[in-house]
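**Q** fold the following.
(2 chains)
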Amino acid sequence: MKELCLAIVLAPLAGAIAAGLFGRLIGRAGAHWITILCVGFSCALSCMVFRDIVFNGAPPLNVALYTWMQSGGVNFQIGFLIDQLTVTMMVVVSFVSWMVHIYTVGYMHDDPGYQRFFAYISLFTFSMLMLVMSNNFLQLFFGWEAVGLVSYLLIGFWYTRDTAIYANLKAFLVNRVGDFGFLLGIAAVLTYFGSLDYAEVFAKAPTLVDTTLRIWPSSTSWSVLTFTCLCLFVGAMGKSAQVPLHVWLPDSMEGPTPISALIHAATMVTAGIFMVARMSPLFELSTTALSVVLLIGATTAFFMGLLGLVQNDIKRVVAYSTLSQLGYMTVALGASAYAAAIFHLFTHAFFKALLFLAAGSVIMGMHHEQDMRKMGGLWRRMPITWLTSMVGSLALIGFPGTSGFFSKDGILEAVKLSHTPGAEIAYWACLSGVFITALYSFRLVFMVFHGKPRMDHHTAEHLHESPAVVWIPLVVLAVPSLVAGLAGVGPMLFGDYFGKSIFVLPAHNVLHQMAEEFHGAVPFITEGMTQPPFLLAMSGVVVAWFLYLVQPTLPGKIAAAFRPIHAILLDKYGFDRFNDWFFAGGARGTGSKLWRWGDVALIDGLLVNGSGRLVGWFSGVMRGVQSGYLYHYAFAMIIGLLALLGVFVHHLFT
Amino acid sequence: MWLPIMGGLWVIFAGSRVRDRAVKQDAFFISLLTFAVSLLLYRYFDPTTAEMQFVERSEWIAAYKIYYHLGIDGIALPLILLTTFTTVLVILAGWRSVEDRSHLYMGAFLILEGLMNAVFSALDAMLFYVFWEAMLIPMFLIIGIWGGPRRVYATIKFFLYTFLGSVCMLVALLYLYTQAGSFALRDMYEAVLTLNEQRWIFVAFLLAFAVKVPMWPVHTWLPDAHVEAPTGGSVVLAAVMLKMGGYGFLRFSLPITPDAAASLGWLMIALSLIAVVYIGFVALAQQDMKKLIAYSSISHMGFVTLGFFMVFQIYGATGNWHDAAMGMEGAIVQMISHGFISGAMFLCVGVLYDRMHSRMIQDYGGVANTMPKFAAFFLLFSMANAGLPATSGFVGEFMVILSSFKANVWYAFLAATTLILGAAYTLWMYKRVAFGEIRNPHVAELTDINGRETLILATLAVAVLALGIWPAPLLDTMHVSVDHLLQQVAQSKTSIEAY
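**A** From the prediction side, this is the model:
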């Protein structure tokens, strides 16, 4: 199985190298065929491993590949840990990636950087697989930064656009802020656990519950586990775009749509969620950390959802919805319902990738117009896109029976039962989030696909359904968006699907509590129909229908009536302005001030050139002394003699 | 060592008569041969012993017990390999850009290479000092003759700075001679010194080595020297000469004055962290690419000194020299890796400079449109400079940050800011140079890198990636030597007061 896993990660890498280095040699068709085959191969093998582990009950694989280095008595190894959690991620990553590869053939058809694009997305698949399959913190960090790199490259794929290269730099730097915390967390792990290997670290975790560290000499001491978990979570906040490190994700929409689907919705942004679930043996031991996770998640889920209401760019609406959904997953983590978080990650990957790709299909049809105010009535011309978008949106709002329904309801129930401090607030935030989700999702559907067409005449004439390479992935993704929940709810949410890969303290185990009332998927649905989330979602849809189809002038009036609130939302709560002013401007200002005052003025000006000038001045004086005039020298001699005489006389009399 | 010096002399004397191209071919051949010989050293090097290997010893000035005594251990070997490797590339890089008195240029580099190797392998303090000083001459000439418009200011600053430091070192060495009875390093290691004596000697060494590293606040010669130096000069300066300071700390300061190093460790750590953070901010403000990379070098070298002088505090905190070894090894890895990366960065700027004759960031923009191959390499090295995992830039920083956590959380905190600052200044520069629309007609006329340039950059790219993906061979070479050094450091040398 080790060889199998090696093949899974190396196939996309081989594809990336082929398309990247020999892109000109193999041509456009060669590039897409090679990469699609490699990723498809990897996806098939992932499914095989999935079958072995999940259905055939094969034991988890924990194996080292090679020793990266050895230092200070610590062995840093590169290796795989393949268990239920890993295989779930592997299947999601390779499958969505494969679909996106195929879709790209259509979407990027006319782009001059065709081969480069395939090289990047294959490289991404490789990095992401390395990340999820890792058995140690080192390799996790490798994959972590590598996906960040590819994300940087892909957001800036159209590198002549100013907005794109601004967005990719921003994304990389914000992620680096997260990585900064993550690295400190890893350092703490190494210091206190003496190893970076998951198995060793997790085994040792319970013995460290009472260990503390002092950050200031006089301050109260922190629990080591809380400190470590919070540092690691900062990393997760960067990658999974939690408030306040979320600012990069909306801007990342400057990249081509396929990667918005793959990286910024389905896979990379969920790396943080995956990481926390992986670290469940650590997080479980720190209630403080769980509480922070919960509150950050709730904030993200609610406030980012609100922003989705005022966006007019179709991709940005979906991006804010991604932020909000990531918030839901984080809330689940905070409530110790790791399985629910991963389950939502799993279903979300399908329906969100679907929504993005559908949005991409719309954008193609509209000749790269992304403003929803210029769309409308597309459903006649693009029936498949419309239908699949509908499926995706229903799953997103958690319509009973769709995949999103099971995962989101699981999270809401879990938070309701959770005793983590802050769970009550989180529950209300998430519940009101359901209404908001439905409102913005169907605002999008109604504005784009229904109502009167608002595009110009030329676009309207050329409007047609996208080619098969584009709509086939949509249909393929729509299937799991519908049924993945139904199939997964029993084992994944309430069953023993994850085995030992996720650790939950019995006292925190809310999912277990829920499982006692769970009697199969169908009763779950019928019960869900009577619960507040369903009613809220439905009212969201109805409100959206009323506002955007029945009374299209009303939203403008509401916005005018609540102008201050609307302005705050449009300003995205001022995060961007603050960051630009405080961090970007502040850092540049500090840099140039330190340079001008410290280096140029103080060290060079005063000390270096100053001492040079001092020497110059001194030698000037000395030069003056050696004037060559005899009477100068004679005068000096007389003065000297007098002085000597004075000293002599002074000595004589004392 | 003597091979390139002799070769260099030959190139200078013969070069005035033969054609330009032949000179360059000869120089290239000699540097390649030297590199091959140094690879043989690696091949026959025994990494299981801390003893000096390939030792040569003969009397030089018997009256003062000065010996011609050379030998290498696991710390010197990687640095020698780095030197010989870099020289090959530098000679290749000067192929086209140097037309004026090329035989002198090539000769100077070969001689410089020999002297640098000699510094890394000298086991006699006086011999070390002689080579240390001699090394300044070719560098001085390289900047002074082939440098930019403000080269006179830069060379004088460079010379005075380093000379001031090395005079202090000479005094310290003479004092040590009176105590140890010879100039042999081995005798100096064993000399008994009081803490007070050690402190004076340590400070004298510090002045010499800190200038070379360079540490804050004696760093300001470096940006000027880099800016005015020709590409090859910058590469050698950044890749190898900066490592002399770090090497000096390892060979002299730490083993000869361990107690002083322990008691002044806080100062060194403070200076290192200032270098990392302060210089990181300063780099952000630079408009000149070479200056920016020079400041980034200073910031990266902060990790080297941090790794060296943290060992005492780590030992104090954990009571385990194993933990300290990681910091020190990380610092050595950082030296090697920085050699590759900064060399590569300067070569990249050199490639642009050859075409546009400007180093200012604002003169560029959209280079990726006209030079896609170059942009790819440049991005790789920029990422390595920002410490991306799987490149060599990550390994050293990672090790130093991990072990600094054991000394003090705040060290790790401050050191880790480089993750953000390093990425910010490097990628912001990259964005302004390579991305965007083509900014001016000059950029539109740029031609992509040719075969020779591709070869140079690709070789470096392979080195950077190899070291990042599999650093184990490098570390295995140095383990035993580092352990040995730490044992020396652990032993107090004051016979009077206990450490």
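**Q** tell me the helix or strand right after the helix or strand of chain B with the lowest mean pLDDT.
**A** Using mean pLDDT, DSSP states H and E, the weakest-scoring helix or strand in chain B turns out to be helix B:2-15, at a mean of 59. Towards the C-terminus, the helix or strand next in line after helix B:2-15, according to DSSP states H and E, is helix B:20-44.
**Q** within the sheet, what are the partner strands of the helix or strand following that next one, with directions?
**A** On the C-terminal side of helix B:20-44, the nearest following helix or strand under DSSP H and E is strand B:53-61. Strand B:53-61 sits in its sheet next to strand B:66-72 (antiparallel), going by DSSP bridges.
**Q** quick one: average pLDDT of the partner strand?
**A** This predicted structure assigns strand B:66-72 an average pLDDT of 76.
**Q** stretch B:222-230 too?
**A** pLDDT averaged over stretch B:222-230 equals 84, rounded to a whole number.
**Q** of all residues in chain A, which one is closest to chain B?
**A** Of chain A, the residue with the smallest distance to chain B, taken as C-beta to the nearest C-beta, is residue A:72 at 3.0 Å. C-beta: built from backbone N, CA, C; applies to glycine.
**Q** excluding chain neighbours, give the residue nearest to that residue in space.
**A** In space, not counting the residues next to it along the chain, residue A:72 is nearest to residue B:326; the distance is 3.0 Å by C-beta to C-beta, 6 or more residues apart in numbering or on different chains.
**Q** how close does the one you found sit to residue B:153?
**A** 42 Å (C-beta to C-beta, to the nearest Å).
**Q** if you count what's nearby, which of these two comes out ahead?
**A** residue B:326 (30 against 13; other C-beta atoms under 10 Å in any protein chain shown).
**Q** what helix or strand is that one on?
**A** Counting by DSSP H and E, the element that carries residue B:326 is helix B:321-356.
**Q** output the contacting helices and strands for the helix or strand just after that helix.
**A** Past helix B:321-356, heading to the C-terminal end, the next element that is a helix or strand (DSSP H and E) is helix B:367-370. On a contact count with 3 or more C-beta pairs under 8 Å, 6 or more residues apart in numbering or on different chains; DSSP states H and E, helix B:367-370 meets helix B:372-385, helix B:409-434, helix B:441-444.
**Q** and the next element down the chain from the last one?
**A** Beyond helix B:441-444 in the direction of the C-terminus, DSSP H and E gives the next helix or strand as helix B:451-469.
**Q** what's the following helix or strand after that following helix?
**A** Sequence-wise, the next helix or strand downstream of helix B:451-469 (DSSP H and E) is helix B:472-490.
**Q** quick check: buried residues in that following helix?
**A** For helix B:472-490, the neighbour count (16 or more other C-beta atoms under 10 Å in any protein chain shown) marks B:474-486, B:488-489 as buried.
**Q** of the residues you listed, which are in range of chain A?
**A** Here is what survives when these are matched to chain A using C-beta under 8 Å from any C-beta of the partner chain: B:475, B:476, B:479.
**Q** wait, the first one sits on residue A:72?
**A** No: counting by C-beta atoms under 8 Å, residue A:72 is not a contact partner of residue B:475; they are 10.1 Å apart.
**Q** can you pull the pLDDT of the one residue in chain B that gets nearest to chain A?
**A** Of all residues in chain B, residue B:326 sits closest to chain A, at 3.0 Å by C-beta to the nearest C-beta. If you check residue B:326, the pLDDT there is 86.
**Q** so what's it up against?
**A** Contact partners of residue B:326, counting by C-beta atoms under 8 Å, 6 or more residues apart in numbering or on different chains, are A:71, A:72, A:74, B:399, B:402, B:403.
**Q** on that earlier part again, can you redo the helices and strands packed on helix B:367-370 as JSON lines with distance to residue A:55 and mean pLDDT?
**A** Shown next, in JSON lines, are the helices and strands packed on helix B:367-370 (distance: least, C-beta to C-beta, whole Å; pLDDT from 0 to 100):
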{"stretch": "helix B:372-385", "distance to residue A:55": "41", "mean pLDDT": "90"}
{"stretch": "helix B:409-434", "distance to residue A:55": "42", "mean pLDDT": "87"}
{"stretch": "helix B:441-444", "distance to residue A:55": "58", "mean pLDDT": "81"}
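**Q** for my notes, please list these in JSON lines and give mean neighbour count and distance to chain A for each entry.
**A** Supplementary listing: the helices and strands packed on helix B:367-370 in JSON lines, determined by neighbours: other C-beta atoms under 10 Å in any protein chain shown; distance: least, C-beta to the nearest C-beta, whole Å:
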{"stretch": "helix B:372-385", "mean neighbour count": "22", "distance to chain A": "6"}
{"stretch": "helix B:409-434", "mean neighbour count": "23", "distance to chain A": "5"}
{"stretch": "helix B:441-444", "mean neighbour count": "14", "distance to chain A": "12"}
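**Q** on that earlier part again, residues in contact with the residue of chain A closest to chain B?
**A** With contact set as C-beta under 8 Å, 6+ apart, residue A:72 has these partners: B:322, B:323, B:324, B:325, B:326, B:327, B:329, B:403.
**Q** give me the neighbour count for the fourth one.
**A** If I follow you right, that is residue B:325. Each residue near residue B:325 was counted by other C-beta under 10 Å, and the total is 24.
**Q** what helices and strands are in contact with the helix ranked longest in chain A?
**A** With secondary structure taken from DSSP state H, chain A has its longest helix at helix A:162-193. Under the contact definition 3+ C-beta pairs under 8 Å, 6+ apart, helix A:162-193 sits against helix A:137-155, helix A:198-204, helix A:224-239, helix A:248-251, helix B:392-407, helix B:409-434.
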